[in-house]
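In: I would like the atomic coordinates for the input below:
(one chain, ligands or ions: 1)
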Amino acid sequence: MNIMTFNTNEELNQIAAGIFASLIQTKPTAVLGLATGSTPIGIYQELIRLNEKGYVDFKDVTSYNLDEYCGLPADHPETYRSFMNVQLFNHINIDKAQTHVPNGNAADLQAESKSYDEQLAKASIDLQLLGLGHNGHIGFNEPDAELHAGTHVVNLKEETRQANARFFNSIDEVPTQAITMGVGSILKAKMVMLVVRGAEKADIVHRALTGPITTEVPASLLQTHPNVVVLLDKEAAKHFH
Ligand code: F6R
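Out: Model prediction:
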């Protein structure tokens, strides 16, 4: 596992975006696994800049997002589809038809999960971007006695709803369920990039990467993946020195 620490968020964003850009330069049809939340925003801004400058071409790129809330109206600004359009897809030359986010409003969420897994199995993700939840979740795979391998519907933990309430008017508006890729799908990516920022995640990222592998810290399963790169800002990295 390659762990890199950065003094500034600008440097972290540039290196992370550079890894995406070099993948796409060597493989123009790359399949990207993407994430939402605060962590990737600066990386997406850097990718937009690289696309505008002509250094990276998304024309033939495909993407699959990790997760989506269940039960938010499709035009709600906090759906992960809206987030991806606003933060990235609207500003780069990707074909929107090649961007995939699970449908959290599907009438049959089991069928939606199955179909997402079938697409993922065919597409095969080259590089999966991950943020880290305060409780060690990746995607919306919450700490539990058991984890699911494939895409599934999950009841969000209270701490996750609290953490995400900052994007809504009140905690009551935060959905209680989400649909998420499973840890099995995440671990099938050829390469994984975990990005963690901020002192409040210093303990959990250290536990996830150096502690025992346990379903109670879903990110600890990344220790079993042969090709993980971890990008930390200096606050998140404080226990690694
Ligand atoms: C987002 C996702 C989540 C977030 C995590 C960290 O698609 O799957 O696992 O990566 O909750 O969120 P932020 O980056 O907002 O701290």
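
In: ok, D126 to A145 distance?
Out: 32 Å (Cβ to Cβ, to the nearest Å). All C-beta spots, glycine's among them, are computed from the backbone N, C-alpha and C.

In: which one of those two has more residues nearby?
Out: D126 (20 against 7; other Cβ atoms under 10 Å).

In: so after the lowest-mean-pLDDT helix or strand in the chain, what's the next helix or strand?
Out: Every helix and strand of the chain was ranked by mean pLDDT, DSSP states H and E. The lowest is helix 158-164, at a mean of 92. Note on helix 158-164: by DSSP states H and E, the next helix or strand toward the C-terminus is strand 177-180.

In: how about the residues of this structure by the ligand?
Out: Contacts of the chain with the ligand, taken as Cβ under 6 Å from any ligand atom, map to 35-39, 66-67, 131-133, 137-140.

In: list the residues that contact the spatially most central residue of the chain.
Out: Nearest to the mean C-alpha position of the chain, by Cα atoms, centre = their mean, lies A35 at 2.6 Å. The contact partners of A35, by Cβ atoms under 8 Å, 6 or more residues apart in numbering, come to 65-66, 129-131, 139.

In: mind putting the residues of the chain next to the ligand into CSV with secondary structure and pLDDT?
Out: Formatted as CSV, the residues of the chain next to the ligand follow (DSSP: H, G, I helix; E, B strand; the rest coil; pLDDT from 0 to 100):
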residue, secondary structure, pLDDT
A35, coil, 98
T36, coil, 97
G37, coil, 94
S38, coil, 95
T39, coil, 98
L66, coil, 98
D67, strand, 98
G131, coil, 98
L132, coil, 98
G133, coil, 95
H137, coil, 96
I138, strand, 98
G139, coil, 97
F140, coil, 95
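
In: now the buried members of those residues.
Out: Burial by neighbour count, judged by 16 or more other Cβ atoms under 10 Å, picks out 35-37, 39, 66-67, 131-133, 137-140 from the residues of the chain next to the ligand.

In: can you pull out the strands in the chain?
Out: 2-6, 31-34, 62-65, 67-69, 99-100, 127-130, 152-155, 177-180, 191-196, 228-233 (DSSP state E).

In: and which of the contacts of A35 is nearest the ligand?
Out: Nearest to the ligand, judged by Cβ to the nearest ligand atom, of the contacts of A35 is G131 at 2.5 Å.
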